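1. Show me how the following folds:
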Amino acid sequence: MTNSARAFARPLFRSFEERLGIIVFAAMLLFASTHALLAHGFKVGDLEIGHPWSRATPAGAKVAAGYLTVKNTGAEADRLVSIQSDVSEKAEIHEMAVDAKGVMTMRQVAEGVEIPAGGEVALKPGAYHIMFMGLKAPVKEGEKFSGTLTFEKAGTVTVEFQADKMGGQSQDHSGH
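-> Below you'll find the predicted structure:
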């Protein structure tokens with residue numbers, strides 16, 4: 001047998017360790033490729049939007065809140081300026097705060113929310129959040145609805161809000 005014939009006849013992986021290494025490597029690739037799907041995340045430009053969620057609403061409710069995180073991996077700040085959704089007649093960015101007298105207030109943030117370069121902003125209960133006003137139907141636990149976020153520089157992206165149980169905290173699927 002010639003040297004080239006021997007090389008061709010030799011098994012591709014000589015040892016159990018080599019085969020195990022290939023299996024582990026393939027499993028790691030599979031995990032890395034599915035992690036983004038499991039994270040319930042979206043991307044536009046340098047912005048990563050993580051786990052948009054809302055709470056189920058009782059029948060007859062006219063408003064719902066939306067929450068998410070926005071991470072800016074870019075070198076320039078950007079700004080979330082508006083949102084639209086088919087679930088409601090209109091949507092606004094709001095902020096909850098406690099004033100000097102200890103009174104909680106909520107106000108529309110007409111100028112939007114800045115997402116600093118290399119930073120992250122969480123729209124969460126008790127802070128910045130999205131208000132869906134004039135609900136067209138109740139938001140039901142387990143259902144999803146879409147919303148289109150508009151950023152000053154990155155443009156628009158459609159995301160999917162996951163409705164968690166009424167009055168509950170988000171089941172954070174993002175790993176953040």
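2. Mind splitting this structure into its structural domains?
-> Domain assignment for the chain by automatic domain parsing gives 3-38, 41-164.
3. Pick the most deeply packed of those.
-> A comparison of the domains of the chain by mean neighbour count, using mean count of other Cβ atoms under 10 Å, puts domain 41-164 on top with a mean of 16. To be clear about C-beta, it is placed using only N, CA and C from the backbone, and glycine gets the same treatment.
4. for the record, mean pLDDT for that one?
-> For domain 41-164, mean pLDDT rounds to 95.
5. Just the terminal-to-terminal distance for that domain.
-> Domain 41-164 has its terminal residues 16 Å apart, counting by Cα to Cα, to the nearest Å.
6. Now the residue nearest the centre of the chain: which helix or strand?
-> Nearest to the mean C-alpha position of the chain, by Cα atoms, centre = their mean, lies Gly50 at 2.0 Å. Using DSSP states H and E, Gly50 maps to strand 47-55.
7. same question, Thr69
-> Element membership for Thr69, per DSSP H and E: strand 63-72.
8. between the helix or strand that comes right after that strand and strand 63-72, how many degrees?
-> Once strand 63-72 ends, the next helix or strand along the chain (criterion: DSSP H and E) is strand 78-85. If you take axes from the mean of the first three to the mean of the last three Cα atoms, to 10 degrees, strand 78-85 sits at 150 degrees to strand 63-72.
9. Check what contacts the helix or strand immediately after strand 78-85 in the chain and list those residues.
-> Using DSSP H and E, the helix or strand that follows strand 78-85 towards the C-terminus is strand 88-98. Contacts to strand 88-98, defined as Cβ atoms under 8 Å, 6 or more residues apart in numbering, come from residues 63-64, 66, 80, 82-85, 104-109, 112-113, 123, 125-136, 147.
10. I'd like to know how far Ile52 sits from Asp46.
-> No Ile there; residue 52 is Pro. 18 Å (Cβ to Cβ, to the nearest Å).
11. what's the answer for Gly134, then?
-> Between Gly134 and Asp46 the computed distance is 33 Å (Cβ to Cβ).
12. now do Trp53
-> From Trp53 across to Asp46, the span is 23 Å (Cβ to Cβ).
13. and the strand or helix carrying Phe161, how far out from the chain's middle?
-> Per DSSP H and E, Phe161 falls inside strand 155-164. Put simply, strand 155-164 sits 7 Å off its chain's centre (Cα atoms, centre = their mean, to the nearest Å).
14. Now do it: which elements does it pack against?
-> When contacts are defined as 3 or more Cβ pairs under 8 Å, 6 or more residues apart in numbering; DSSP states H and E, strand 155-164 sits against strand 41-44, strand 47-55, strand 63-72, strand 144-151.
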